[in-house]
Structures are given as C-alpha cells and as structure tokens.
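Undergrad: Sequence and computational prediction follow.
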Amino acid sequence: MDWKRTTKQLALPDGRARVVRHGYGPAREIATGIGPVVVARPKARDRGASGPGDRIRFHSTILPLWARRAKSLDALIPVLYLRGISTSDFQKALSALLGKDAPNLSPPVIAGLKKD
C-alpha cells in the first residue's frame, strides 16, 4: 500500500493535512557498486497526534535507517569468500572491483556477513 496516498486522506478538524513532509534526515553515503552515493531520507510529521502512541510514523523500505551499503555489496562478499579470498584480502579485492572509493570493510564485518 502506498503510504503517501493513505495518509493524504487523513485531515485535521480544520481541514489541513494531518501528515505532512518535514524535510530530510541527515545526508549519508551509501556504498554501492558504482561508488558512494549521498542520500537523504525524507521525513514526515504527524500534526494530529495526541500522544506518542497515536503518532503516525514514516519508515522507508527503500532506505532503512541503518543502511550504509547497498544489498548488492552484501551479496558480493560471500561470493568473494567462496572464491577463496581470505578476510584480510577483501579490501584489495573490493578496491579492484569497485575502485579506490570501495567501502572499507574490516575482517570482523566480513566474518559477520559471511555467516549470513
């Protein structure tokens, strides 16, 4: 269901929209296969909430709060591991594939992704 279309129908008693755009969150870099991309997540404001439990919140399914890498990079890491690249050589391999702006992944991060 389209969140924007659903909340657009909600109105305050005076006729104004209950949920409105409220700028953007802080910009951050997402590591992708084509290099880092700077993105800012849109924010919404619920003007009609009477309390914290009544508030309508916006949660992006495209850009989660915790995302710092594209899912395609997370899929690439197990493939490199299966091809025999050790955790200490990942940075060299990613730099060769993605260029000098490749994400800096430490061996513990790679070991965690390998488990998935």
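TA: The structure has been received and is ready for your questions. Numbering: from 1, shown residues only.

Undergrad: Can you spell out the domain ranges of this structure, please?
TA: Under the assignment automatic domain parsing, the domains of the chain span 1-68, 70-116.

Undergrad: any chance you could map the helices in the chain?
TA: With DSSP state H as the criterion, the chain has helices at 3-8, 71-82, 90-98, 107-115.

Undergrad: and the longest one, what does it pack onto?
TA: Under the contact criterion of 3 or more Cβ pairs under 8 Å, 6 or more residues apart in numbering; DSSP states H and E, helix 71-82 touches strand 28-32, helix 90-98, helix 107-115. C-betas here are computed from N, CA, C, even on glycine.

Undergrad: how does it look with 7 Å?
TA: Packed against helix 71-82 by the contact rule (3 or more Cβ pairs under 7 Å, 6 or more residues apart in numbering; DSSP states H and E) you find helix 107-115.

Undergrad: Quick check, pLDDT for P26.
TA: pLDDT, P26: 90.
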